[in-house]
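**Q** kindly return the folded structure for what I paste below:
(2 chains)
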Amino acid sequence: MKNRLLWPVLALVALLVLNVVVTPSFFSLRLQDGHLYGSVIDILRNGAPTLLIALGMTLVIATRGIDLSVGAVAAIAGAVTCTYIASGGDPWIGMGIALLLCAVLGLWNGFLVSVLGIQPIIATLVLMTAGRGIAMLITEGQIITVDSPTYREVGAGFLVLPIAILISLAVLGLVALVTRRTALGLLIESVGVNPSASRLAGVKSRTIIWTVYVFAAVCAGIAGLMISSNVSAADANSAGLWIEMDAILAVVIGGTSLAGGRYSLTGTLLGALIIQTLTTTVYTVGIAPEITLVFKAIVVIAVCLMQAPIRIRVRQGVPA
Amino acid sequence: MLKKITTATAAVLLAALTACGSGGDAASSSGTADDGKITMGFAQVGAESGWRTANTKSIQESAAAAGIDLKFSDAQQKQENQIKAIRSYIQQKVDVIAFSPVVETGWDTVLLEAKRANIPVILTDRAVDSEDTSLYKTFLGSDFVKEGEKAGEWLKANAGSAVNVVELQGTTGAAPAIDRKEGFEKAIAGSNLKIVASQTGDFTRSGGKQVMEAFLKSVPQIDVVYAHNDDMGLGAIEAIKAAGKVPGKDIKIITVDAVKDGMTALAAGEINFIVECSPLLGDQLMDLAKKVLKGEEVPARVVTEETTFTPEQAAAALPTRKY
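**A** Okay, the predicted model is just below:
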């Protein structure tokens, strides 16, 4: 378990070292208007939505599923809240409505997967495509700018540390507590290994699958609030665009198998941090925009390759 | 055996389709001449900014006013979607196709298909990089190089002691990003000003904010931000404020576009200068489409009318601003 996380940790350290070499002041922190200010804080704040979505994704993937609709759900959450606030509503109620709606969308995904038995990748593809359309409908294709100090706090606010990362870490703690200190984690993994066998053994596979999709959608909703609150605007078109890919990548880099049945929350945390550090590295090191994607691809391939032989060895070492 | 049947069926189908294609084409062109109702297929880039939605609205309203039947599609920033949309317009045998290309290159094949189907193509807002200029009739839109130059010239005249410029580029490979960069560099060449860092913020607020946050930490001294659109500039303002600096004073901000949110920030003094890039080209587009279909000569390049704004001019223009 420990050495599965060795390579992601090394990758993260390598990226951070690269940053320090290029920008010696990379780790320097100072207090600015009562909150911490520095590159590391930026990584934490901007990485918070990805981390949150990746957490939901981890549990979905552990049941051998996948949720492609999280980016669209994030866009809907931002669109609903900003439209509500812009029409004079209370930000808290707006956020509540948005998250409720996201839970409903999660119920829809869960229904398609667990009741109708549609392949997860197809079932969630429906909402991935339609969801962005819904978000565009809500905002009427416009970028809705809001001026609400309360709403700003979610994505851009600070309690010494960015509020966004505090929310994400709180959810991480909660998930760790609920799934690792109770049998729930084991049940999720057993559903991922074999849903039918789990059901025959008395595990309520259907309820568990349904629950993880709702959880993933709510996580995506909160992440969407962070993304739109960060710039005090809802951009239905680009908010959370491709974040599902980042989240899946974070989960995979963290050593969770796409085949289901096994997951690592610490790994997901590391994966999300690696992805955000990678983006920040591109900006601070000054990699030309034309080759940014190639640079990112090389890092991702390197991390995946490094992990590969270890996983094989681990599998060989464990008697079947 | 089965393979033979399949091949034969495919061949027959193909022949039938080709026949339909030529027959339908003739029918639609004669239809145009008869009832005068023009069908236009428009493939929009997406709805990535307030500018783009104003552009969409202008085209839709002008089409309705001019009595042109508009088929509209949104490519969501993806070239493959746009190519698909154009192909479907060709199959639907519209009278004229107009589109704003997502990126500059890779259009030759699909435009050649349109040309073979005898459907004239009008480019709006963004150009394509193709050696064969016969693939489209005309290009209606802003001169992005000129916009970059206007931004650079204003900065040269108003720089004061400013030296270090950071640039927030648009989507990598997009014509406005390439040209606004080129024009700006051309204008500030030979002066003290230099671009010390340049990254893409994908024309979005969160992109602009994230890049600016990183710049504020990695670039020792920033005097000026040059953003390729208002939205990235607005994101940069957020980042500058979070760093405890005053946008517009400690760091000068120049943007391109002049959408409402940008103009509001300009009037409030948070942005120093905006070069307008007008999206309201719907009327000009419908005129051009009619001329092209009548067989009249149109110039290969039509530039939209545009200006620039200082904070005072923005405050004056804001109440009557359409977008």
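**Q** all contacts plus neighbour counts: C-alpha atoms, from now on.
**A** OK.
**Q** separation between B:Phe309 and chain A?
**A** 21 Å (CA to the nearest CA, to the nearest Å).
**Q** count of neighbours near the nearest residue to that residue once chain neighbours are set aside?
**A** Leaving aside its sequence neighbours, B:Phe309 sits nearest to B:Ile274 (CA to CA, 6 or more residues apart in numbering or on different chains; 5.2 Å). By other CA atoms under 10 Å in any protein chain shown, the residues close to B:Ile274 number 30.
**Q** show me the contacts for B:Asp202.
**A** B:169-172, B:208 (CA atoms under 8 Å, 6 or more residues apart in numbering or on different chains).
**Q** okay, those in JSON lines with neighbour count and pLDDT next?
**A** Shown next, in JSON lines, are those (neighbours: other CA atoms under 10 Å in any protein chain shown; pLDDT from 0 to 100):
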{"residue": "B:Gln169", "neighbour count": "27", "pLDDT": "96"}
{"residue": "B:Gly170", "neighbour count": "26", "pLDDT": "94"}
{"residue": "B:Thr171", "neighbour count": "22", "pLDDT": "90"}
{"residue": "B:Thr172", "neighbour count": "20", "pLDDT": "91"}
{"residue": "B:Gly208", "neighbour count": "32", "pLDDT": "96"}
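**Q** so which of those residues sit within helices?
**A** Secondary structure assignment by DSSP state H places B:Gly208 of those in helices.
**Q** would you reformat the contacts of B:Asp202 as JSON lines and include distance to chain A?
**A** Below are the contacts of B:Asp202 laid out as JSON lines (distance: CA to the nearest CA, whole Å):
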{"residue": "B:Gln169", "distance to chain A": "9"}
{"residue": "B:Gly170", "distance to chain A": "10"}
{"residue": "B:Thr171", "distance to chain A": "9"}
{"residue": "B:Thr172", "distance to chain A": "6"}
{"residue": "B:Gly208", "distance to chain A": "10"}
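**Q** the contacts of B:Asp202 in strands, which ones?
**A** Taking DSSP state E as the definition of strands, the contacts of B:Asp202 contribute B:Gln169.
**Q** in the contacts of B:Asp202, find the pair that's most separated.
**A** B:Thr172 and B:Gly208 (13.6 Å; CA to CA).
**Q** list residues touching both of these two?
**A** In contact with both B:Thr172 and B:Gly208: B:200, B:202, using CA under 8 Å, 6+ apart.
**Q** which bits of the stretch 1-150 of chain B sit near chain A?
**A** With CA under 8 Å from any CA of the partner chain as the criterion, the stretch 1-150 of chain B comes near chain A at residues B:46-50, B:53, B:76.
**Q** select from those every entry located in helices.
**A** Taking DSSP H, the ones among those that sit in helices are B:50, B:53.
**Q** quick one, domains of chain B?
**A** Here the domain parsing of chain B from automatic domain parsing is B:36-142+B:279-305, B:144-277.
**Q** helix or strand for the spatially most central residue of chain A, which one?
**A** Against the mean C-alpha coordinate of chain A, by CA atoms, centre = their mean, the closest residue is A:Ile53 at 2.1 Å. In this assignment (DSSP states H and E), A:Ile53 forms part of helix A:39-62.
**Q** which other helices and strands contact that helix?
**A** With contacts defined as 3 or more CA pairs under 8 Å, 6 or more residues apart in numbering or on different chains; DSSP states H and E, the packing partners of helix A:39-62 are strand A:161-162, helix A:163-180, helix A:184-193, helix A:205-230, helix A:243-253, helix A:265-285, helix B:205-218.
**Q** using CSV, write out every CA atom in that helix.
**A** Provided in CSV are the C-alpha atoms of helix A:39-62 (Å, rounded to 0.1, in the frame of the first residue of the first chain):
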residue,chain,number,x,y,z
SER,A,39,2.5,29.9,-5.0
VAL,A,40,1.9,26.9,-2.8
ILE,A,41,-1.3,28.5,-1.5
ASP,A,42,-2.4,29.1,-5.2
ILE,A,43,-1.8,25.4,-5.9
LEU,A,44,-4.0,24.4,-2.9
ARG,A,45,-6.8,26.9,-3.8
ASN,A,46,-6.9,26.2,-7.6
GLY,A,47,-6.5,22.4,-6.9
ALA,A,48,-9.4,22.3,-4.5
PRO,A,49,-12.1,21.8,-7.2
THR,A,50,-10.2,19.1,-8.9
LEU,A,51,-9.5,17.4,-5.6
LEU,A,52,-13.2,17.5,-4.6
ILE,A,53,-14.3,16.1,-7.9
ALA,A,54,-11.6,13.4,-7.8
LEU,A,55,-12.8,12.3,-4.4
GLY,A,56,-16.3,11.6,-5.8
MET,A,57,-14.7,10.0,-8.8
THR,A,58,-12.5,7.8,-6.6
LEU,A,59,-15.6,6.1,-5.0
VAL,A,60,-17.4,5.8,-8.4
ILE,A,61,-14.3,4.2,-9.9
ALA,A,62,-14.0,1.9,-6.9
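**Q** got the buried residues for the helix or strand that comes right after that helix?
**A** Downstream of helix A:39-62, the first helix or strand assigned by DSSP H and E is helix A:70-86. Neighbour-count burial for helix A:70-86 flags A:70-86 (criterion: 16 or more other CA atoms under 10 Å in any protein chain shown).
**Q** do stretch A:203-215 as well
**A** Those would be A:203-206, A:208-215, for stretch A:203-215 by 16+ other CA under 10 Å.
**Q** likewise stretch A:9-22?
**A** Applying a neighbour-count criterion of 16+ other CA under 10 Å, one finds A:9, A:11-12, A:15-16, A:19-20 buried in stretch A:9-22.
**Q** kindly reformat those residues as CSV containing distance to chain B, secondary structure and pLDDT.
**A** Below are the buried residues of stretch A:9-22 laid out as CSV (distance: CA to the nearest CA, whole Å; DSSP: H, G, I helix; E, B strand; the rest coil; pLDDT from 0 to 100):
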residue, distance to chain B, secondary structure, pLDDT
A:Val9, 23, helix, 92
A:Ala11, 20, helix, 90
A:Leu12, 18, helix, 94
A:Leu15, 15, helix, 93
A:Leu16, 14, helix, 95
A:Asn19, 10, helix, 93
A:Val20, 10, helix, 93
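**Q** rewinding a little: weakest of the domains of chain B by average pLDDT?
**A** Mean pLDDT is lowest for domain B:36-142+B:279-305 among the domains of chain B, at a mean of 91.
**Q** report the distance from it to the chain centre.
**A** Put simply, domain B:36-142+B:279-305 sits 11 Å off its chain's centre (CA atoms, centre = their mean, to the nearest Å).
**Q** and what of stretch B:253-269?
**A** Chain-centre distance of stretch B:253-269: 18 Å, with CA atoms, centre = their mean.
**Q** who touches it?
**A** So stretch B:253-269 is in contact with A:145, B:50-51, B:147, B:151, B:224-231, B:233-234, B:247-248, B:270-278, B:309-315, B:318, B:321, B:323, going by CA under 8 Å, 6+ apart.
**Q** tell me which of the domains of chain B sits most buried.
**A** Comparing those by mean neighbour count (mean count of other CA atoms under 10 Å in any protein chain shown), domain B:144-277 ranks first with a mean of 22.
**Q** where do the helices of the stretch 201-323 of chain B begin and end?
**A** Using DSSP state H, counting those that start in this stretch, the helices found in the stretch 201-323 of chain B span residues B:205-218, B:230-242, B:260-267, B:282-294, B:311-317.
**Q** out of those helices, which is closest to B:Thr109?
**A** B:Thr109 lies closest, by CA to CA, to one member of those: helix B:282-294, at 21.7 Å.
**Q** residues near A:Ala201, how many?
**A** Counted with other CA under 10 Å, residues neighbouring A:Ala201 total 11.
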